[in-house]
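>>> Return atomic coordinates for the entry below.
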Amino acid sequence: MGFFDMLTGTKRPEDGVAPRSAEELRAALLSLNRPDVPYIISDGVAHDADLVAEWRIAEPAWQTFFIGSQLTHALRIRMRLVEEVPEVRAVEEQWEVTRVGNPPRLQTSAEYARGAGRTVSRRWTLQRGENGRLEATETFSFDSAQLTNPLRNAALESGWTWRGVIFGKL
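As a prediction, this is how the structure comes out:
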């Protein structure tokens with residue numbers, strides 16, 4: 001792995017893993033959709049991509065989760081499946097979000113970033129343990145890798161390279 005690959009988050013499949021077809025990879029990526037995950041993967045035509053994965057911040061059922069996560073950035077990953085290589089070219093896009101109103105809801109701002117990034121949010125509670133000493137207990141955890149890792153792993157398991165794109169076209 002080269003330095004530029006580290007910056008972009010590019011990963012290659014293990015040696016000996018035969019690449020599956022683009023249709024099989026697309027099906028594998030779409031199969032990651034489940035009602036219990038905080039993201040959705042859908043057709044990306046509207047975003048000039050083959051597939052798009054993004055947080056469910058606009059869905060009422062997930063708003064409480066994202067407000068509780070103290071999320072500061074929304075994330076979208078646009079993917080292009082390049083069968084000739086074979087690789088998934090992925091652009092990570094982030095927007096700053098803020099909480100407004102009562103009850104609070106997330107609102108996106110004009111701040112935009114492109115490239116690999118990671119958002120981690122954890123909440124801890126301090127309390128006295130049985131021995132009387134203060135103990136920290138994690139009460140909430142959120143990591144944007146919950147979105148990127150399943151996508152990247154599905155591509156790698158399908159024998160495709162996951163190539164992060166920072167500059168140029170998808």
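
>>> only C-alpha atoms for contact and neighbour calcs from this point on.
Fine.

>>> For F66, report the pLDDT, please.
At F66, the predicted lDDT confidence score is 66.

>>> do the same with S31
With respect to pLDDT, S31 scores 96.

>>> Let's check: the centremost residue of this protein is which one?
Centroid-nearest residue in the chain: L147, 2.8 Å away (criterion: C-alpha atoms, centre = their mean).

>>> quick one: pLDDT of that residue?
pLDDT for L147: 85.

>>> Which strand residues bridge the nearest residue to it once chain neighbours are set aside?
Nearest in space to L147, with sequence neighbours left out and distances taken as C-alpha to C-alpha, 6 or more residues apart in numbering, is Y39 at 6.7 Å. Beta-bridge partners for Y39, by DSSP bridges, are W55.

>>> re earlier: now do the same contact list for the residue nearest to the centre of the chain.
Listed by C-alpha atoms under 8 Å, 6 or more residues apart in numbering, the contact set of L147 reads Y39, A53, E54, W55.

>>> helix or strand for it, which one?
Applying DSSP states H and E as the criterion places L147 in helix 145-157.

>>> residues of that helix that come out buried?
L147, T148, L151, R152, N153, A154, A155, L156, E157 (16 or more other C-alpha atoms under 10 Å).

>>> May I have the secondary structure class of D5?
helix (DSSP: H, G, I helix; E, B strand; the rest coil).

>>> ok, the nearest residue to it once chain neighbours are set aside - how many residues close by?
Nearest non-adjacent residue to D5, counting by C-alpha to C-alpha, 6+ apart: K11, 7.4 Å away. K11 sits with 19 neighbouring residues when counted by other C-alpha atoms under 10 Å.

>>> Could you do W124 as well?
The number of residues near W124, taken as other C-alpha under 10 Å, comes to 12.

>>> what about the residue nearest to D5, distance to W95?
25 Å (C-alpha to C-alpha, to the nearest Å).

>>> S21 now?
33 Å.

>>> of those two, who's got more company?
More crowded of S21 and W95, by other C-alpha under 10 Å: W95, with 18 against 15.

>>> The more buried one contacts A74, correct?
Yes - counting by C-alpha atoms under 8 Å, W95 does reach A74; the two are 5.2 Å apart.

>>> for the nearest residue to P19 once chain neighbours are set aside, what are its contacts?
Distances taken as C-alpha to C-alpha, 6+ apart put G159 closest to P19, at 4.0 Å, once the chain neighbours are dropped. Neighbouring residues of G159 by C-alpha under 8 Å, 6+ apart: P13, E14, V17, A18, P19, R20, P86.

>>> Could you rerun that using 7 Å?
G159 makes contacts with P13, V17, A18, P19, R20, as judged by C-alpha atoms under 7 Å, 6 or more residues apart in numbering.
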